[in-house]
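Colleague: compute the structure for the input listed below.
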Amino acid sequence: MKKLLNIAITLCMLAAGAGLLLLAGPAFINMLSGAKPLEKGEELSQAEGRYISYEAAYPVASCVEEYYSGDPDRVRTEGYVVYDEERQAFIYVVVEERSSGEFRALMRKMSLTAQMRDEKMVLAMAPIYVEGSLEPMEKSDVERAASCLQESDVVEIYADYANDDSNAEIYDAYFGDKYGKVLEAMCMKLESGGQGMDWYYLERGAVNGMAKHEIWISVLAAVLSLLIFVYRVIHAISKGKKPVYGAASGTGNAVQRLLDAQRGWVEKWCEFSLNRARRLAYLSAAGGAVILTAIGIAVGQDLQGILAFHFPLGLLLGETAAVLLWVSQKKQSKPDKIIERLEKNIEREMPTSAERESFAEDITNADQSWVFQEKTKDTMLYGIVGEHYWVLFSGIGQVTVVDSRRLKKIKTEVISGSVRVNKVRTYYKSYAAGFYYENASPKKGSDKAFGFNTEDAIGFFMVLVRKRLGDSIEITAE
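Modeller: Got it, this is the predicted structure:
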């Protein structure tokens, strides 16, 4: 079952990476290659589907293209009908509302008569540079844009006087400059049925229907998914037999033999931690994709928007968190590192080599009947009750050593309480055994202590203690 799950997850990484790469790959290549301007004399149909740069010189009508989801009063994007003088055609340019000011300003100047456009104003009426993929418009979208064109103030002002030069003064007032001549040609085009020709639209910043930030998110999510897939394949191929958990090697000094004997439970703990991190990583990656996809559906996003933004963003965030979690746990779950920390902490507990040798000999000589342990999701506790020394190791490399020959009394206690975090109260309970030495100047607290998470664990430890000590030491409970 576990093997099938690993294969399924590996294939899901491949499918997600390949799917997103197919979706965003062509747009990513076009974006990197840069927008190419329309060549002189090139028809719009010849540039269909290409990522181009275009100079919108004659915006003559506008309408709302899209509102923000759930807020019909907030405009997200606006569409501008732009007349192309060279090709005598219309291009529908879609821009975000917050950056449409230059279009509105230029269109206002278009609605003025030629006499009102002085030389200074004409010089300021520079074409607006737009980049995007040129795509054909659907019939319904063309009809909507054409209706906006018919209601345009610019068209209404000039249409009545186009191709009518009976009154030269009025004609010059409207068509006396280059902009007036272009608008006259546009009105004549409309009169001759120009609305029925093929229209194209250009969404600023969009490449093959995807915004640039959507392209980057999709490509990054695809690359990360494929890297995870490759890593999992390599790991599956190179994975050898499960490690044989060690026992005392029988070589080296007593401390080294003691450390060698701990390798078994340390490796088991590392394997347990990695398996847990692996499960959390799976949940993180899948959860991110599911949650963001659900948000996209909840806000009314269409399928293309969900596939281009919400799903890859959720996958990217989830996989990034999963990778960080896995790398962090992988770094912590190295048996050699934990053994090294155990060795250093033994040296801190017992500064002299003679003490360490005596301690190691005593602990190594204790058989398995004197071992106590407790495994939780956070750590592994492994201890041994030797004849003279008692030791508690933890899965993060901590070591606590008790010299039973110096004991005066032992006191066990239950530690409980609660912590309030963000209006949520969490209760906790743990157990501790405190060890008090025969000191010339007694301490207020215990000299050493073993901590446990369950009552069964401390209960079994105390059974071993009583077996070793009998009634020679005072044992109390709080």
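Colleague: please count neighbours and contacts with C-alpha atoms only from this point.
Modeller: OK.
Colleague: so, low pLDDT: which residues of the stretch 151-300 of the chain?
Modeller: Scanning the stretch 151-300 of the chain for pLDDT under 70 picks out 162-166, 193-196, 239-252.
Colleague: that one: strands as residue ranges?
Modeller: 200-203, 206-207, 210-211 (DSSP state E, counting those that start in this stretch).
Colleague: will you turn these into CSV that also has distance to A360?
Modeller: Converted to CSV, these look like this (distance: least, C-alpha to C-alpha, whole Å):
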stretch, distance to A360
strand 200-203, 75
strand 206-207, 69
strand 210-211, 66
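Colleague: closest to A254 out of the ones you listed?
Modeller: A254 sits nearest to strand 210-211 of all these, at 66.4 Å, using C-alpha to C-alpha.
Colleague: which strands border that closest one, and is each parallel or antiparallel?
Modeller: Looking at strand 210-211 with DSSP bridges, its partner strands are strand 206-207 (antiparallel).
Colleague: list the contacts of the partner strand.
Modeller: Contacts to strand 206-207, defined as C-alpha atoms under 8 Å, 6 or more residues apart in numbering, come from residues 27-28, 30-31, 51, 131-133, 212.
Colleague: so which of the strands of the stretch 151-300 of the chain is nearest Y231?
Modeller: For Y231, the closest of these is strand 210-211, at 29.5 Å, according to C-alpha to C-alpha.
Colleague: what's in contact with the closest one?
Modeller: 24, 27, 205, 308.
Colleague: show the contacting residues for the last one.
Modeller: In other words, A308. By C-alpha under 8 Å, 6+ apart, the neighbours of A308 are 23-24, 210, 214-215, 218.
Colleague: helix, strand, or coil at it?
Modeller: Secondary structure state of A308, per DSSP: H, G, I helix; E, B strand; the rest coil, is helix.
Colleague: how near is it to F393?
Modeller: As judged by C-alpha to C-alpha, to the nearest Å, A308 and F393 stand 51 Å apart.
Colleague: swap in the first one?
Modeller: Using C-alpha to C-alpha, one gets 52 Å for the distance from A24 to F393.
Colleague: quick one: low-confidence parts of the stretch 1-150 of the chain?
Modeller: In the stretch 1-150 of the chain (pLDDT under 70), the answer is 70-71.
Colleague: hmm, try it at 90
Modeller: 1-8, 38-41, 49, 64-76, 86-88, 97-100, 107-126, 139-140, 143, 145-150 (pLDDT under 90).
Colleague: which one is Q150 nearest to, not counting chain neighbours?
Modeller: Distance criterion C-alpha to C-alpha, 6 or more residues apart in numbering; nearest residue to Q150, sequence neighbours excluded, is E156 at 7.5 Å.
Colleague: buried residues in the helix or strand harbouring W326?
Modeller: Assigned by DSSP states H and E, W326 belongs to helix 311-332. Residues of helix 311-332 classed as buried by neighbour count (16 or more other C-alpha atoms under 10 Å): 311-323, 325-326, 329-330, 332.
Colleague: ditto for stretch 95-114
Modeller: For stretch 95-114, by 16+ other C-alpha under 10 Å, it's 95-97, 103-104, 106-107, 109-114.
Colleague: ok, how many other residues are close to A277?
Modeller: For A277, the neighbour count with other C-alpha atoms under 10 Å is 20.
Colleague: re earlier: can you pick the most crowded of the contacts of strand 210-211?
Modeller: Greatest neighbour count in the contacts of strand 210-211, by other C-alpha under 10 Å, goes to A27: 25 neighbours.
Colleague: could you identify the helix or strand that succeeds the host helix or strand of that residue?
Modeller: Remark: A27 resides in helix 2-33, with elements defined by DSSP H and E. For helix 2-33, the following helix or strand on the C-terminal side (DSSP H and E) is strand 36-37.
Colleague: who are the packing partners of that next one?
Modeller: In terms of contacts (3 or more C-alpha pairs under 8 Å, 6 or more residues apart in numbering; DSSP states H and E), strand 36-37 is packed against strand 51-56.
Colleague: identify the residues contacting the strand it packs on?
Modeller: 30-31, 34-38, 82-84, 127-134, 207-208.
Colleague: could you list the buried residues of the helix holding A27?
Modeller: Buried positions in helix 2-33, judged by neighbour count with 16+ other C-alpha under 10 Å: 10, 13-18, 20-21, 23-25, 27-28, 30-31.
Colleague: so which elements touch that helix?
Modeller: For helix 2-33, the elements it packs on are strand 206-207, helix 212-238, judged by 3+ C-alpha pairs under 8 Å, 6+ apart.
Colleague: most tightly packed of the ones you listed?
Modeller: Among the helices and strands packed on helix 2-33, strand 206-207 has the highest mean neighbour count (mean count of other C-alpha atoms under 10 Å), at a mean of 25.
Colleague: helix or strand next in line after whichever strand or helix holds I346, which one?
Modeller: Here I346 sits within helix 335-349, counting by DSSP H and E. Next helix or strand after helix 335-349 toward the C-terminus (DSSP H and E): helix 353-365.
Colleague: taking helix 335-349 as reference, get the angle to that next one.
Modeller: 130 degrees (axes from the mean of the first three to the mean of the last three C-alpha atoms, to 10 degrees).
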